[in-house]
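K.L.:
mind looking at a prediction? Sequence and model below.
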Amino acid sequence: MPEKRHTKEDFFLTLVLRIVLLCIIFVEVLFLVRWEFFRVDLTQDKLYTLTDSTTNLLKNLKDRVLIKGFFTRDVPAQVKPVHERIRDYLDEYQARSGGKVVVEIVDPEDDQTLRDEADRLGIQGIPLGSSSGNQLSLKRVYQGLRIRVGDKQKVLDLSKLVLVAAQTGKVPSQFEYLLTNAISELVLKKKPKILVYAKSQVPPSPFMRRQGVSYKNFKDAFKGRYQVEETELKAEGVDDAKIPDDTDLLIVVKPKDFGDKQLFMIDQYLVKGGKAIFFVEEQDFDMGKMWKTDFNAGVEDLLKYYGVNVRKKLVADIASRLSYPVVQRARIGGQYVTVNVIPAPYPYWVVAAGVDWGKQFKKDYPDALPGMDPDNPAVAKLENALFLWCNPVEPMKKLPPGVKAQVLIRTSPLTLVEDIPQSVDPGMDQVGVNQFIAKFNRRFNSEKTAQVPLVTYVTGTFTSYFKGKKLPEFPPGDKDKHDKKDQAASKPASKPASKPAKKKLEWVEKTGKKAQLVVIGDSTFVQDSFFNENLPYPFKQLYEGNRALVLNLVDWLALAPDLVELRTRDTKVRLLQVVRPRENETPDHLQARRKRVILFVRVANMFAIPLLLVILGLFIWLWRRARKRSFVQSLG
Amino acid sequence: MNKALVIARREFAAYWLSPIAYVVLGLFLFLNSYFFLNPMFFQMGIATTQNMFNFWGQLFIFFIPAVTMRLWAEERKQGTLELLLTYPAKVPELVFGKFLAALAFIGLGVILTLPAVFTVAHFGDLDWGPVVGGYLGGILMVSAYLSLGLFFSSLTENQIVAFLLTLFALLILNLSLFIQISESGNIPYWITWMLSLVGLGNHFLSLAKGVVSSQDVLYYLAFTAFFLWMNALVLEAKKWRG
């Protein structure tokens, strides 16, 4: 058989086929590489690692998210890196969304239409100092975002955030928290639902010193991201003797005299894998009520059953050093007027700090644990939290099977625990205050101090508290009444109505679903009088800590654990220091020296290596010429 | 592979016989320092190499065509291509050898920018993550540009034509760097999206931030492999045509 010869036509046909095939493969590869199967963030602060929550949100976007950024381009040097960091974040959102997030950045500085649009949206340009040459001038700097999904939109004015970042030298990753939350709000059809039990109290009498108790600020703190509903934990009948199944988190603030019916509803919610936060107190002190009265929360046994022991003791932390303002009054001209305010050190106001107490008290308490659990995202980065007249909340020594406990916040090692005293009044005058202080000094010298848990978390599969107990009896409820009416109407009058079967209370002993429960030994700090941003120093700072604690716990349990960390995770700006000031050096001299160093650095970098290359080239040229000559000479 | 390395070594050595290599590298390093360590950089006062990498994205669009324009075009013009094709090496090995030599040459230039980086590290707390990412991205981007340049150089014997073709293609492929994606702009969204997908510079800027992603790395590797392969096919066609 003759061998088949490859002709040119065969070759070119093969070539064309190979080119077509190659092009197809290339285009497919281009689309294939859109699937990311590895990604490493090499930056030290993990600047480009968005949280799983953000990434999941972006990956699952169904609608286009249009982000319009209003940023003044020419801004003071200290603000510039913050703007750049925010733009990096926006780029990352765009990249991670697979084209669903579209970012447009505009500069309203020279465009009246854009300025009007920014003003209309509520993005306020703030005046900032800008220096050009030797002149210092003020200019309006815009920094805000309009996020739009379909016909819904949300505006983020970032002025405050940018200013804080510029002043502290830190670029807040809180931006991710704000942006992710804003997008979530716009794209999520259904917000997580929080059910809040927080009963306000009106003042007992207008003539009494004691004010009413309200939790409005506390409840408002969750609105926006969550659907907040209030509950009294009361049931009309058997049918509604439960917490609604769509509840993502139950918050119980200052339970008082809880009975079996309320406990039953809470118990069944937790047994079915619910999440709850309890703010529990064993006393009823507040600013206008310093004397002990009978108080019963009614949830102690239930919590003990789940593994948390709220002790009927009062905590006094000597390390807190917060003062109670004792107001001295005198009768002048028939009226009582304030003549003096004595700051009384008040250990019943406990400031829990994010301090490693073992390091702080290396000598006396080397085994002391950190004030905030470093492994828990909700509290790890908190600097402080204020608890007022609080109770120890300890994990039970013997936990129920399948349940784990973790102390989230504990006091300093210099903490005393006492039976709830008859009075927590620091005194009316200097003598009283001195006696109050002396009492603590005596106790501190004679009693043993130790760290006390204030916030405890338990999780696991809970068995019903009502196992082996009699279930509470609920009335038949409206639904049953309607059913009875309907039955009566549909049956002939001649026949006697049969007695309807009594509806049975639905009860489950165990579901195997994981419940999560956080118990805090104080509720006073979430009252409006303390959960309030208009407080004076140092309460304002402590309020910020308390607000972060509450929001972190709620987000951690109800929303997304890793978003919580963002609220307190900051990254630093890496500054360039060309020259370090010398002792007694004038600013002019420093500036001149800086200019000299910069000039030297620029010239050296621009010319040194190119010059070396020229020398190397010359050397090679000379060497080759010499070799050529010697070769020619060798030829004779 | 060994034959490719032998060719690469020979080609690399040949670069240094011409003064053009010193001029090109010297100019690249001068411009790099001139634009990177500019007075504005010191006024900003941030220890970062981002400006340098941003500048690379644009600088290489003009530098790489200058390096690659002569690689095949000159061989064709001088008639040495036919001689080269008779070497006891396969066409892909020839292509890869030339590519490696050009990559080593530009790679050396890239490495010689390190003193500028050390200068910044001396004056501030430099984050080395983006530096590593930037250099890795730089090498990958240069590889992609070189493969494209080599391909266009193989199509013509006129170096200027090769230069212009490569420059034009690189500008097209980097259009996304110059076009603002806008919800209200005149350019349809799908065009801007496509441009960002194939945009060579975008992938580099992502790496230069310190994020090494399979998307960017694979994109450059695929792009480089595609054009090197196309280059080999063009030369094989030439070999057959005689």
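P.N.:
Done, it's in.

K.L.:
from residue B:221, how far off is the residue most central in space within chain B?
P.N.:
Closest to where the C-alpha atoms of chain B average out (Cα atoms, centre = their mean) is residue B:142, at 2.4 Å. According to Cβ to Cβ, to the nearest Å, residue B:142 stands 13 Å off from residue B:221. No exception for glycine: its C-beta is placed from N, CA and C like everyone else's.

K.L.:
quick check: closest non-adjacent residue to the residue nearest to the centre of chain B.
P.N.:
residue B:106 (4.9 Å; Cβ to Cβ, 6 or more residues apart in numbering or on different chains).

K.L.:
go on, residue A:19?
P.N.:
residue B:233 (6.1 Å).

K.L.:
same question for residue A:37.
P.N.:
Closest residue to residue A:37 apart from its sequence neighbours, by Cβ to Cβ, 6+ apart: residue B:214 at 5.1 Å.

K.L.:
neighbours of the closest residue to residue A:152 other than its chain neighbours, how many?
P.N.:
If the residues on either side of it in the chain are set aside, residue A:152 comes closest to residue A:186, at 5.1 Å by Cβ to Cβ, 6+ apart. For residue A:186, the count of nearby residues is 16 (other Cβ atoms under 10 Å in any protein chain shown).

K.L.:
give me the residue from the stretch 101-250 of chain A nearest chain B.
P.N.:
residue A:104 (5.0 Å; Cβ to the nearest Cβ).

K.L.:
hey, what's that residue bridged with?
P.N.:
residue A:68 (DSSP bridges).

K.L.:
what residues does the stretch 451-600 of chain A put near chain B?
P.N.:
Contacts of the stretch 451-600 of chain A with chain B, taken as Cβ under 8 Å from any Cβ of the partner chain, map to A:573, A:574, A:575, A:576, A:577, A:578, A:598.

K.L.:
re the thing from before, from chain A, how far out is the residue nearest to residue B:142?
P.N.:
Using Cβ to the nearest Cβ, to the nearest Å, we find residue B:106 at a distance of 14 Å from chain A.

K.L.:
that residue: helix or strand, and which one exactly?
P.N.:
Here residue B:106 sits within helix B:91-111, counting by DSSP states H and E.

K.L.:
wait, does stretch B:153-161 contact chain A?
P.N.:
No: if you take Cβ under 8 Å from any Cβ as the test, stretch B:153-161 misses chain A, and the best it gets is 13.1 Å.

K.L.:
check contacts around the residue nearest to residue B:142.
P.N.:
B:60, B:63, B:64, B:67, B:142, B:146 (Cβ atoms under 8 Å, 6 or more residues apart in numbering or on different chains).

K.L.:
so which of the residues you listed wins on neighbours?
P.N.:
That'd be residue B:146 among the contacts of residue B:106, by other Cβ under 10 Å, with 29 neighbours.

K.L.:
quick check: closest non-adjacent residue to the closest residue to chain A within chain B.
P.N.:
Closest residue of chain B to chain A, Cβ to the nearest Cβ: residue B:129 (3.2 Å). Distance criterion Cβ to Cβ, 6+ apart; nearest residue to residue B:129, sequence neighbours excluded, is residue A:42 at 3.2 Å.

K.L.:
which parts of the stretch 451-600 of chain A are strands?
P.N.:
Ranges of strands within the stretch 451-600 of chain A are A:453-461, A:514-520, A:570-572, based on DSSP state E, counting those that start in this stretch.

K.L.:
got those strands as a markdown table, with mean pLDDT columns?
P.N.:
Listed next are the strands of the stretch 451-600 of chain A as a markdown table, based on pLDDT from 0 to 100:
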| stretch | mean pLDDT |
| --- | --- |
| strand A:453-461 | 95 |
| strand A:514-520 | 95 |
| strand A:570-572 | 53 |
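
K.L.:
now these in JSON lines, with mean neighbour count and distance to residue A:144?
P.N.:
Shown next, in JSON lines, are the strands of the stretch 451-600 of chain A (neighbours: other Cβ atoms under 10 Å in any protein chain shown; distance: least, Cβ to Cβ, whole Å):
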{"stretch": "strand A:453-461", "mean neighbour count": "23", "distance to residue A:144": "36"}
{"stretch": "strand A:514-520", "mean neighbour count": "23", "distance to residue A:144": "35"}
{"stretch": "strand A:570-572", "mean neighbour count": "16", "distance to residue A:144": "21"}
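
K.L.:
could you dump the ones you listed into TSV and include distance to residue A:325?
P.N.:
Listed next are these as TSV, based on distance: least, Cβ to Cβ, whole Å:
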stretch	distance to residue A:325
strand A:453-461	24
strand A:514-520	25
strand A:570-572	33
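
K.L.:
other SSEs contacting the longest helix along chain A?
P.N.:
As assigned by DSSP state H, the longest helix anywhere in chain A is helix A:587-635. With contacts taken as 3 or more Cβ pairs under 8 Å, 6 or more residues apart in numbering or on different chains; DSSP states H and E, helix A:587-635 sits against helix B:19-36, helix B:114-123.

K.L.:
same thing but at 10 Å, please
P.N.:
helix B:19-36, helix B:39-44, helix B:114-123 (3 or more Cβ pairs under 10 Å, 6 or more residues apart in numbering or on different chains; DSSP states H and E).

K.L.:
can you classify the residue nearest to residue A:40 when sequence neighbours are not counted as helix, strand or coil?
P.N.:
Spatially, and ignoring its direct neighbours in sequence, residue A:40 is nearest to residue B:212 (4.6 Å; Cβ to Cβ, 6+ apart). Under DSSP: H, G, I helix; E, B strand; the rest coil, residue B:212 falls in the strand class.

K.L.:
show me where pLDDT drops low in the stretch 201-350 of chain A?
P.N.:
A:202-211, A:321 (pLDDT under 70).

K.L.:
circling back to that earlier point, which stretch among the strands of the stretch 451-600 of chain A comes nearest residue A:146?
P.N.:
strand A:570-572 (25.1 Å; Cβ to Cβ).

K.L.:
gap between the closest residue to residue A:67 other than its chain neighbours and residue A:368?
P.N.:
The spatial neighbour of residue A:67 that comes closest, neighbours along the chain excluded (Cβ to Cβ, 6+ apart), is residue A:103 at 4.8 Å. Relative to residue A:368, residue A:103 is positioned 48 Å away (Cβ to Cβ).

K.L.:
quick one: residue A:344 and residue A:328 touch, right?
P.N.:
No: Residue A:344 lies out of contact with residue A:328 (Cβ atoms under 10 Å); the separation is 11.2 Å.

K.L.:
neighbour count winner among the two?
P.N.:
residue A:344 (19 against 15).
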